[in-house]
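Peer 1: let me see the structure of the following:
(one chain, ligands or ions: 2)
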Amino acid sequence: MGNVVNFAHRGSSKICPENTMAAFRKALEQGATGIETDVQLTKDGHMVLIHDETLNRTTTGTGWVKDHTLEELKELDAGSWFHPDFRGERLPQLDELLELAKGGGTIINIELKNGVVPYEGLEEKVIQRVRDYGLSGQVVISSFNHYSLLLCKQIAPEIRTGILYMEGLYEPWAYAGTLQADALHAYHRAVLPEFVAAAKAAGKAYHPFTVNDPDEMRRLLQAGVDGIITDYPDRLDALLAEEK
Ligand code: G3P
Ligand code: MG
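Peer 2: Ligands and ions are numbered 1, 2, ... in the order given. Down below sits the predicted model:
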């Protein structure tokens, strides 16, 4: 169980504004060994980290991410919606997170947010940047858009991919094989111990999301998952320390 990856979902997103550098740094302080984030493209083709396709919920801006340039987005405040203490947090670019991960062993789970907006060239851009930083071995690319994951594998066989899904896919380890995907990023309720065993036998890792309840974390650890995506990396860190 020592190698279970503790993925902080959008950083430490219950005590910091999600997908900000403050949330990523806090996650590492709390014992996260992985960070999950969401990437989208600006109007002028830059990679920014934000969950929603629109700016309204988590920034001082309005409208679609895709309709704004990087310069415009850099003006926005991405922290004050959460708490005044975080005023001045900006939308990070993917580079800033990769810089943080460089030199340490942190696994970065980059979720391509291309289920609603089909960002052209997103796969190539993300892969190029990961390679530039020499982080191919430390990255897992995930998406609900599985065509996109297949494309990633075709471009970069050396970078791991994980299929995101919500419900009862039939033998997801076999399905993942058809996409040459390495991991199953399943909604946690869709994960049963016998599925984890079958996936292991097929060489596929399970990284369930988003698991915040310690009892559910325990259940999944006992089932033998390879990582857990959580908003509370401190809770998972405490459980992993108990198991040692
Ligand atoms: O990657 C796990 C999880 O982040 C997928 O859903 O909507 O939180 O990006 P969402
Ligand atoms: Mg996500």
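
Peer 1: make it CA atoms for all contacts and neighbour counts henceforth
Peer 2: Will do.

Peer 1: give me the neighbour count for residue 36.
Peer 2: Residues lying near residue 36 (other C-alpha atoms under 10 Å) number 25.

Peer 1: now residue 179: closest residue in space, sequence neighbours ignored.
Peer 2: In this structure, residue 179 finds its nearest non-sequential neighbour in residue 150, 5.3 Å apart by C-alpha to C-alpha, 6 or more residues apart in numbering.

Peer 1: kindly export the helix or strand hosting residue 218 (C-alpha atoms) in PDB.
Peer 2: Using DSSP states H and E, residue 218 sits in helix 214-223. Extracted C-alpha coordinates of helix 214-223, given in PDB (Å, rounded to 0.1, in the frame of the first residue of the first chain):
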ATOM      1  CA  PRO A 214     -12.200   8.100   5.200                       C
ATOM      2  CA  ASP A 215     -14.300   4.900   5.300                       C
ATOM      3  CA  GLU A 216     -14.600   4.900   1.500                       C
ATOM      4  CA  MET A 217     -10.800   5.500   1.300                       C
ATOM      5  CA  ARG A 218     -10.200   2.500   3.500                       C
ATOM      6  CA  ARG A 219     -12.500   0.300   1.400                       C
ATOM      7  CA  LEU A 220     -10.700   1.200  -1.700                       C
ATOM      8  CA  LEU A 221      -7.200   0.800  -0.100                       C
ATOM      9  CA  GLN A 222      -8.200  -2.700   1.000                       C
ATOM     10  CA  ALA A 223      -9.400  -3.400  -2.500                       C
END
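
Peer 1: any idea of the mean pLDDT for the first helix or strand past it going along the chain?
Peer 2: Tracing the chain past helix 214-223, the next element assigned as helix or strand by DSSP H and E is strand 227-230. Average pLDDT, strand 227-230: 98.

Peer 1: neighbouring contacts of strand 227-230?
Peer 2: For strand 227-230, contacts defined as C-alpha atoms under 8 Å, 6 or more residues apart in numbering pick out 4-9, 36, 206-212, 217, 236.
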